[in-house]
Each structure stands twice: as structure tokens, then as C-alpha cells.
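Enquirer: Here you go, sequence then predicted model.
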Amino acid sequence: MRLKDKVAIVTGAAQGIGLAIARRFVAEGARVMLADIGAERGRAAADGLGPDAAFLACDVGDKASAAALVEGTVARFGRVDVLVNNAGILHAAEFLELEEADFDRVLRVNLKGTFLVGQAAARRMALQFAADGSRASIVNLSSVTARLAIPTAIPYVVSKAGVSQLTNAMAIALADKGVRVNAIGPGSIMTDMLGVLMSDEAARQRILSRTPLGRCGEPEEIAAVALFLASEDSSYITGQTIFADGGRIGLNYTVPVAG
């Protein structure tokens, strides 16, 4: 068990990638605090993972809520060794019609939320390192859209580019405090969020035509990368964004789609 005796926080954990990560962490021996804005679904998700999982409602874009999440995790499990900043939202709109409020709303969750929860957790992790030398890991969820623009998802792509650079800056700032910081840049993963973009057959064809592996990824495949970055298997890796994207970033043409 690669996370035996570790305590992890996973935000946006009520469904999708976040829930898959929480489930994998519990299977690998961690005690996990699931956090989400959706309390009913979050509690149900935690209950389904057994006694090593718990739930706290959290608005990641609110400083007090972010701090309460870390404090509540320490109160329940005694410490924080791993944080996965997975909470994220998407708003689709044509650029000329994009409202300021929607731009702000997406960045508040995706980028500001990553900063606020990351800072709160890192403060606790640094204290633990000073006290007992224990090292910690933060994993942020970026996206292939940190590098590849989608003109109808401007706030999302901007926020994810920000997460990648925030990851790099956090890694440097926290390197001497026993905290590694990395990010995952998923490609097209079968979640409810992807369903917003893959709304019809033409959209499906477009997405698969830019994916050399010829299929969408599964949340469990992102969970496997998160486990690697959270564990000692990645002990000399910090400040990196790993793109789990089926080869999409390296592609400069489209590929035939089966069927």
C-alpha cells in the first residue's frame, strides 16, 4: 500500500475524477477527506468508501472555507500529508458573448480555489516537516487546455494555464519545506464535464480525431497518475505537469476515428 498511514484531502471529490482519486487513495491505505460544494452527494460518496473516508463541505474559492477544510481534516485524522486540488467548473460561451461574471466565477473556483486550499494545506504540511521531518505532496488538476486553447471555453483554459504556472511557483516556494507540488493535465476524460463538450456525434468525432490513442480516458487512469505523484514513487519530481491525454498535445494533425 503506497499511501499507508497517510492522510489526504481531495477537493471536488463527490464525483468524476475526484471520486476516482479518493477511491484509489483509500485502496492504497490512506485516510481521505472528501471535499465538495455538493454536500449530499459528497456525504454519499464518502459513506461509500468506508471508515477511512470522511466528508466536509467546502467552497474552495472562499478563504475561510478552505482553512476550515484543512482544520477539519486535522481534527478528524490528525494531520495532512497529501492534497489533491481537483475542484473545477466549466463555462462554455462564444468569446464575444462571454459575461464578466462567468469569467470570474470559473477563475474563482479553478485557480483561486487551488491557491487558497493549497496555501492552507501547505502551511500545515510545513509545520509537520519542521516538527518531524515528514514530507508531503500537493497535486493540482490542470488540463491539456493549459497549452491548447478552446475558444468557446476561455475562462476554463485561462484558469488551467494559471494552475500549471501556480504549480511551478508553489513547487519552488515549498521545496525547502518538505512539500512537493505537481499537476496533472488530463485530456478528454469520461466525466460529466466532458459531456458538456461531447454533446453530439460531430463533437465526439472532433474530440477523438485529435486523440492518437483513439479513445477517451477514464477517471481511474487519472487517479493512477495522482497516486504516483502523491506517493514516494515520485520523490524527486516537483514543479511538473504530467499530461495524461492520449497523445493529444504532441499531435499536429487529426487521426482517423474508428466507426
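Expert: Received, thanks. Numbers count the residues shown, from 1 in each chain.
Enquirer: Confirm Val163 sits in a helix?
Expert: Yes - using DSSP: H, G, I helix; E, B strand; the rest coil, the secondary structure at Val163 is a helix.
Enquirer: need the contact list for it.
Expert: Each residue near Val163 by CB atoms under 8 Å, 6 or more residues apart in numbering is listed here: 85, 110-111, 114, 140-143, 146, 183. C-beta: built from backbone N, CA, C; applies to glycine.
Enquirer: Strands of the stretch 151-259 of the chain, residue ranges please.
Expert: Secondary structure of the stretch 151-259 of the chain by DSSP state E, counting those that start in this stretch: the strands cover 179-186, 241-244.
Enquirer: residues near the closest residue to Val163 other than its chain neighbours, how many?
Expert: Excluding its sequence neighbours, the residue lying closest to Val163 (CB to CB, 6 or more residues apart in numbering) is Ser142, at 4.4 Å. By the measure other CB atoms under 10 Å, the count of residues near Ser142 is 28.
Enquirer: Ser142 is in contact with Ile184, isn't it?
Expert: Yes - using CB atoms under 8 Å, Ser142 makes contact with Ile184 at a distance of 6.6 Å.
Enquirer: which neighbours do those two share?
Expert: Common neighbours of Ser142 and Ile184, using CB under 8 Å, 6+ apart, are Thr241.
Enquirer: deepest of the strands of the stretch 151-259 of the chain, which one?
Expert: The highest mean neighbour count among those, using mean count of other CB atoms under 10 Å, belongs to strand 179-186: a mean of 26.
Enquirer: For that one, name the packing helices and strands.
Expert: helix 113-132, strand 136-141, helix 154-174, helix 219-230, strand 241-244 (3 or more CB pairs under 8 Å, 6 or more residues apart in numbering; DSSP states H and E).
Enquirer: The same query, at a cut-off of 6 Å, please.
Expert: Under the contact definition 3 or more CB pairs under 6 Å, 6 or more residues apart in numbering; DSSP states H and E, strand 179-186 sits against strand 136-141, helix 154-174, helix 219-230, strand 241-244.
Enquirer: how about the second one: buried residues?
Expert: It refers to helix 154-174. Residues of helix 154-174 classed as buried under the neighbour-count rule (16 or more other CB atoms under 10 Å) are 154-164, 166-168, 170-171, 174.
Enquirer: Turn the helices and strands packed on strand 179-186 into JSON lines, including distance to Arg124.
Expert: What follows is those, written out as JSON lines (distance: least, CB to CB, whole Å):
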{"stretch": "strand 136-141", "distance to Arg124": "9"}
{"stretch": "helix 154-174", "distance to Arg124": "12"}
{"stretch": "helix 219-230", "distance to Arg124": "16"}
{"stretch": "strand 241-244", "distance to Arg124": "24"}
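Enquirer: could you dump those to CSV with mean pLDDT?
Expert: Output for the helices and strands packed on strand 179-186, formatted as CSV (pLDDT from 0 to 100):
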stretch, mean pLDDT
strand 136-141, 99
helix 154-174, 98
helix 219-230, 98
strand 241-244, 98
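Enquirer: Can you give me the buried ones in stretch 143-152?
Expert: Quick answer for stretch 143-152 (16+ other CB under 10 Å): 143-148.
Enquirer: Kindly reformat those residues as CSV containing distance to Ser188, pLDDT and secondary structure.
Expert: CSV is the format used below for those (distance: CB to CB, whole Å; pLDDT from 0 to 100; DSSP: H, G, I helix; E, B strand; the rest coil):
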residue, distance to Ser188, pLDDT, secondary structure
Ser143, 10, 97, coil
Val144, 8, 97, helix
Thr145, 11, 96, helix
Ala146, 14, 97, helix
Arg147, 14, 96, coil
Leu148, 11, 94, coil
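Enquirer: out of these, who's nearest Gly239?
Expert: Lowest distance from Gly239 to these (CB to CB) belongs to Ala146, with 14.0 Å.
Enquirer: want to throw the strands of the stretch 151-259 of the chain into a markdown table with distance to Leu213?
Expert: Supplementary listing: these in a markdown table, determined by distance: least, CB to CB, whole Å:
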| stretch | distance to Leu213 |
| --- | --- |
| strand 179-186 | 13 |
| strand 241-244 | 11 |
